[in-house]
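Undergrad: Got a predicted model here, sequence first, then my questions.
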Amino acid sequence: MRYAFFKGCLIPTKLPHLEALAQKIFPELGIELVDIPGFSCCPDPINFSGADQLTWMTIAARNLCLAEEKGLDIITLCNGCVNTLAQARHALAHTPELRLKVNAMLADTGHCFEGTVEVRHFLKVFYEDVGLETLKKLVKINLSGLKVATHTGCHLFSPHEVMHFDNPADPFVLDEMVAALGAEAVDYNLKAQCCGSSLILSGKQQGSSKLLEDKLTQMKEQAADCIAVVCPFCYQQFDLGQLMAARRLKLDYSIPVLFYLQLLGLAMGMSLKEVHYDTHKIKSASLEAKCKES
Amino acid sequence: MLISIECEARNGLMDRQPLVERCFKCSVCALVCPIQYLEEYSPTQSYVYDLFTCDNVLANPNLWSCASCHKCAEICPQDVNPAHVFLNLKELSFEQGLAPQGVVALIKSIITTGSSFPITSVTERLRAGLGLAPFTVTAQEELKLIVAKTGLEEKIRKIGG
């Protein structure tokens, strides 16, 4: 499997350890990542899509064209990127007038959207193409005993008619992926609730903290050792955002977040240090102890 | 009409989003909306209700907090799709220069640098430590051509950005 690697903005600028981890792990799953130097920001599906829909769609179409011109499908590590690119692809593929209009906007750049490219999030590729059985074979250290609260993140499965993935009201895919590593995916209330990243991005710290407190309380009730995510914005919200919420609300517990690739890395035999746990703001002794035991 | 949107853009919005008229203020969306966590909202004053009924929704600072998570659209018994309505309202708000400064700055960063976040010396230090090549974006010239053509460049100039 060869994919154009769409890194986005947040991972390469602020969380490059997740990019490094992808470069290390993907080849072991038979996925080759191809760098496309011309990619720009997707652009973001919350603010840019609101500010100017035509430009948002055109810049997204340009990114799609770059992969299309290489004959490659796109793989992302970010729910925001996959959401923008899939929404643009869907709209352009199903609305001929819009495609004409956007291609006219692209004309000066020399690109033309044909509609042959597919856009996939790595979780979808892992789940649908690599498969749970192959993942299980990669497990060297069974993560049994580890209780994981999964948070898939809204933009990977909504709007459902575009994303065609998982169940937005009651997500289950990431639970199965966690279970494949031997860990226990705990069920908790508010599992489908947004991480609140957009609250903090728009400066609403109090609201963001209250939301996180609600979700974290539910996770704690199920004795979760860590949170599993597949989006860098959710990741930052549960790491740095949790730190800010803890200060504000005087939370007396902490639940570290792990990007799914970090959990997979641990199961494949990497140490906490090798999956870059040392870069985390939120840590816990119980998680560290359980990882050393297993 | 079941709701009243007292904003300048009201007619334009109704043209673009006639489904808004179907909202019967059941507030089911408040159950799933992350923005409902803001202090100013309550069981009787939900986020969606506020934006659907406030005086000038385009200047409502909370308009730009909508996460586009689509939870409201998925749960709405009337198929109103508030997320989609807010997306269109954001566009009118931006055009009229009513978007928060941070949003304008983000849009400008994306169209001039190709990235939402600046590539700083910290970025480069982190990447080098991991053995990753420097992160560079080479899309700027083409992005400039695009925003000239779509009219976004002119739109930003008009709002003084």
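TA: Good, I have the coordinates.
Undergrad: contacts, neighbours, all on C-alpha from now
TA: Noted.
Undergrad: in the stretch 151-294 of chain A, which spans are helices?
TA: Applying DSSP state H, counting those that start in this stretch to the stretch 151-294 of chain A gives helices spanning A:160-163, A:173-179, A:197-201, A:205-221, A:232-236, A:242-249, A:260-267, A:285-293.
Undergrad: Which strands or helices does the longest one pack on?
TA: Helix A:205-221 sits against helix A:197-201, helix A:242-249, with contacts defined as 3 or more C-alpha pairs under 8 Å, 6 or more residues apart in numbering or on different chains; DSSP states H and E.
Undergrad: Nearest to residue B:139 among the helices of the stretch 151-294 of chain A would be which one?
TA: Closest to residue B:139 of the helices of the stretch 151-294 of chain A, according to C-alpha to C-alpha: helix A:232-236, at 22.4 Å.
Undergrad: so residue A:189 sits right up against residue A:220, yeah?
TA: No. Contact between residue A:189 and residue A:220 fails when scored by C-alpha atoms under 8 Å: they sit 10.9 Å apart.
Undergrad: Against residue A:190, how distant is residue B:52?
TA: 26 Å (C-alpha to C-alpha, to the nearest Å).
Undergrad: more neighbours, the two?
TA: Higher neighbour count among residue B:52 and residue A:190: residue B:52, with 24 against 17, using other C-alpha atoms under 10 Å in any protein chain shown.
Undergrad: For the closest residue in space to residue B:109 that isn't next to it in sequence, grab the count of nearby residues.
TA: Excluding the flanking residues, the one nearest residue B:109 by C-alpha to C-alpha, 6 or more residues apart in numbering or on different chains is residue B:116, at 6.0 Å. A total of 23 residues lie near residue B:116 under the criterion other C-alpha under 10 Å.
Undergrad: do residue A:129 as well
TA: Quick note: residue A:129 (other C-alpha under 10 Å) scores 12 neighbours.
Undergrad: quick check, it in a helix?
TA: Yes. Under DSSP: H, G, I helix; E, B strand; the rest coil, residue A:129 sits within a helix.
Undergrad: Which part of the stretch 51-200 of chain A gets nearest to chain B, residue-wise?
TA: Residue of the stretch 51-200 of chain A nearest chain B, by C-alpha to the nearest C-alpha: residue A:51 (4.6 Å).
Undergrad: contacting residues for that residue?
TA: B:90-95, B:107 (C-alpha atoms under 8 Å, 6 or more residues apart in numbering or on different chains).
Undergrad: quick one, domains of chain A?
TA: A:2-122, A:131-293 (automatic domain parsing).
Undergrad: Check the separation of the first and last residues in the longest one.
TA: Domain A:131-293 stretches 27 Å from its first residue to its last (C-alpha to C-alpha).
Undergrad: what about it, average pLDDT?
TA: Averaged across domain A:131-293, pLDDT comes to 96.
Undergrad: Now do it: distance to the chain's middle.
TA: Relative to its chain's centre, domain A:131-293 lies at 11 Å (C-alpha atoms, centre = their mean, to the nearest Å).
Undergrad: ok, now stretch A:46-55?
TA: Averaging C-alpha positions (C-alpha atoms, centre = their mean) puts stretch A:46-55 21 Å from its chain's average.
Undergrad: before we move on, the earlier item: of all the helices of the stretch 151-294 of chain A, which one is nearest residue A:124?
TA: Of all those, helix A:173-179 sits nearest to residue A:124, with 8.8 Å by C-alpha to C-alpha.
Undergrad: For that closest one, give me every contacting residue.
TA: Residues from elsewhere that reach helix A:173-179, judged by C-alpha under 8 Å, 6+ apart: A:123, A:127, A:132, A:148, A:150-152, A:166, A:184-185, A:260.
Undergrad: let's go with 7 Å and repeat that
TA: Contacts to helix A:173-179, defined as C-alpha atoms under 7 Å, 6 or more residues apart in numbering or on different chains, come from residues A:132, A:150, A:152, A:166, A:185.
Undergrad: Now list the buried members of these.
TA: A:132, A:150, A:152, A:166, A:185 (16 or more other C-alpha atoms under 10 Å in any protein chain shown).
Undergrad: Let me know the closest of those to residue B:128.
TA: residue A:152 (30.0 Å).
Undergrad: Quick check: the gap between the spatially closest residue to the closest one that is not a sequence neighbour and residue A:174.
TA: Counting by C-alpha to C-alpha, 6+ apart, residue A:152 lies nearest to residue A:229, which is 5.7 Å off, once chain neighbours are set aside. Distance from residue A:229 to residue A:174, counting by C-alpha to C-alpha: 8 Å.
Undergrad: can you list residues touching both of these two?
TA: With C-alpha under 7 Å, 6+ apart as the test, residue A:229 and residue A:174 both reach A:150, A:152.
Undergrad: Can I take it that residue A:3 is in a strand?
TA: Yes. Assessed by three-state DSSP, residue A:3 belongs to a strand.
Undergrad: you'd agree it is up against residue A:32?
TA: Yes. Counting by C-alpha atoms under 7 Å, residue A:3 touches residue A:32, with 6.3 Å between them.
Undergrad: Which two of the contacts of residue A:51 have the greatest separation?
TA: Largest separation among the contacts of residue A:51 by C-alpha to C-alpha: B:92 and B:107, giving 15.1 Å.
Undergrad: Compare these two and say which is more crowded by neighbours.
TA: Set side by side, residue B:92 and residue B:107 show more neighbours around residue B:107, with 24 against 21, by other C-alpha under 10 Å.
Undergrad: Could you single out the nearest of the contacts of helix A:173-179 to residue B:158?
TA: Minimum distance to residue B:158 across the contacts of helix A:173-179 is 39.7 Å, recorded for residue A:152 (C-alpha to C-alpha).
Undergrad: thought the closest one was touching residue A:230?
TA: Yes. Using C-alpha under 7 Å, residue A:152 is in contact with residue A:230, at 6.2 Å.
Undergrad: Relative to chain A, how far out is the residue lying farthest from the centre of chain B?
TA: Each residue of chain B has a distance to the centre, and by C-alpha atoms, centre = their mean the biggest one is for residue B:131: 36.6 Å. Distance, residue B:131 to chain A, by C-alpha to the nearest C-alpha, to the nearest Å: 8 Å.
Undergrad: All good on my end, thank you.
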